[in-house]
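[1] model this:
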Amino acid sequence: MAWHSWIESYGYFGMMLTLMFPFLPSEVPLAYAGYLVHTTQFNLIIMLIVAVLSFVVSQNIFFTIGRLGSDRLLARVFKWFRISETKMNQFQRQMDTRGRFILLLSPMWRMGFAIGAGLTGVSRLTFTIATTISFFAWSAFFIWGGKKLGHGMMGRHHELHHYTPWLIGLLVFGAGYVYFRKKTLMKKQNALKK
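    Have a look, this model is predicted:
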């Protein structure tokens, strides 16, 4: 079952499930939720509350994994969610230099921030407050954007098929550029190490 089917079939609970499992960037279901708010299938305020609640619950689960998890469990979680040790070390250095305010950027890298905050010993109350503030702003922005996009697209979706080949070509070109750029940088780094 696709993620958008969860939202359409199970309503607010489906939205909560979609946002709690971090296999999909949160921007996508939030914007789709905004579109559904535009079509009056959902209420804006309730959708915003559900989004923030699901984020806070999932973040606290990952915070607990970071706080109480063994090295073996953390290694497994890092592997499952592709979190590198170097990224985690960078986060811990940022926490040391910039302080607790770095937690307000947690929507950018959800699991990493939560696990990192658990590892660094941030209090759960501080973490929960920062997470609630940041995810409220994040959710409001994307739900509002999805609602506005839905309003702007009413009656115009038939015009989009003219641009689809260009958009697909641009995406393929961009992905190819990023891939080859990353590959070139890796070769340079390996050459410098030798």
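
[2] how close does residue 67 get to residue 60?
    Residue 67 is 10 Å from residue 60, where distance means Cβ to Cβ, to the nearest Å. Using the backbone N, CA and C atoms, a C-beta is placed for each residue, glycine as well.

[3] make that residue 99, sorry
    Note on residue 99: its distance to residue 60, by Cβ to Cβ, is 21 Å.

[4] please say which of those two ends up with more neighbours.
    Set residue 99 next to residue 60 and count neighbours by other Cβ atoms under 10 Å: residue 60 wins out with 17 against 9.

[5] so which bits of stretch 114-133 are buried?
    114-120, 122, 127-128, 130-131 (16 or more other Cβ atoms under 10 Å).

[6] any idea how many residues pack against the closest residue to residue 69 other than its chain neighbours?
    Leaving aside its chain neighbours, residue 69 sits nearest to residue 77 (7.0 Å; criterion: Cβ to Cβ, 6 or more residues apart in numbering). Applying other Cβ under 10 Å, we find 16 residues neighbouring residue 77.

[7] what does the helix or strand that contains residue 77 contact?
    Residue 77 belongs to helix 71-80 when assigned by DSSP states H and E. Helix 71-80 has contacts (Cβ atoms under 8 Å, 6 or more residues apart in numbering) with 65-66, 69, 83-85, 88, 111, 115, 119.

[8] and for stretch 174-187?
    Residues contacting stretch 174-187 (Cβ under 8 Å, 6+ apart): none.

[9] which residues of the protein fall in strands?
    In the chain, no strands are found when defined by DSSP state E.

[10] show me it divided up by domain.
    The record's domain split for the chain, according to automatic domain parsing, is 3-159, 163-194.
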